[in-house]
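Novice: Next one to model:
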Amino acid sequence: MPKSESHLPSWKPALLYMTERVASLAAGFVLLTAGAAHLGNPYYFITRVLAYDLVGARVALGLALLLPSLEMVLGVCLICRVAPLSAQIVTTVLLATFIAAQGIALARGLKIDCGCFGPAAPQQISATTILRTSALAATALAAAACEHVRTRRGVYQGE
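Specialist: Modelled structure (predicted):
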């Protein structure tokens, strides 16, 4: 163990690791669920993207093609620990974008389905959907923070 970490309690590395894993697994499974719902219902998903009225039809089509695949890839990366810090950061940014879109729609008074989990789980945009997405973003951010400590300090690398 490096000198700079000799002051760490012996339980801290395990706690950081468990926090990162639980947070990554939770965010990963949510992203896989959402991505699968969007891939399984592409026409529904593009109508949800258009309903936010933030982008034109061409951009909406591009987003409807890109986002489900991105959600699936990020979900797999988070669950399987493939480029974990990058996946956690991209997930946090993606979720922050979703929070902003929902906030704008809510502020504009739009009464639309958030589109989060497809037609099987419709939910109108509200403070609840924004809080749910914020909690997931905080989870991904916590995983990134734990992973950063791990890679910066070598906490789990037996140093």
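
Novice: tell me how far the ends of stretch 53-61 are from each other?
Specialist: 13 Å (CA to CA, to the nearest Å).

Novice: what does stretch 50-66 contact?
Specialist: 38, 42, 45-46, 49, 101, 104-105, 108, 110, 112-113, 115 (CB atoms under 8 Å, 6 or more residues apart in numbering). For every residue, glycine as well, the C-beta is placed using N, CA and C.

Novice: out of those, which are buried?
Specialist: With burial judged by 16 or more other CB atoms under 10 Å, the buried subset of the contacts of stretch 50-66 is 38, 45-46, 49, 101, 105, 112-113, 115.

Novice: Need the max-distance pair from the contacts of stretch 50-66.
Specialist: The largest separation in those, counting by CB to CB, is between Pro42 and Arg108 at 25.4 Å.

Novice: returning to that earlier point: out of the contacts of stretch 50-66, who's nearest Thr133?
Specialist: Nearest to Thr133 among these, with distances taken as CB to CB, is Ala101, at 9.5 Å.

Novice: so which helix or strand takes in the residue nearest to the spatial centre of the chain?
Specialist: In the chain, the centroid-proximal residue (CA atoms, centre = their mean) is Thr91; its distance is 3.8 Å. Thr91 belongs to helix 84-107 when elements are defined using DSSP states H and E.

Novice: same thing with Ala144?
Specialist: Under the criterion of DSSP H and E, Ala144 resides in helix 127-153.

Novice: Next secondary structure after the helix ranked longest in the chain?
Specialist: Across the chain, the longest stretch assigned as helix under DSSP state H is helix 12-40. Remark: after helix 12-40, the chain's next helix or strand is helix 42-51, criterion DSSP H and E.

Novice: how much does the helix or strand following that following helix deviate in direction from helix 127-153?
Specialist: Later in the chain than helix 42-51, the nearest helix or strand by DSSP H and E is helix 57-80. When axes from the mean of the first three to the mean of the last three CA atoms, to 10 degrees is applied, the directions of helix 57-80 and helix 127-153 differ by 50 degrees.

Novice: Report the residue spans of this protein with pLDDT below the cut-off.
Specialist: 1-11, 153-159 (pLDDT under 70).

Novice: now Ala100: how far from Arg108?
Specialist: Ala100 sits 12 Å away from Arg108, going by CB to CB, to the nearest Å.
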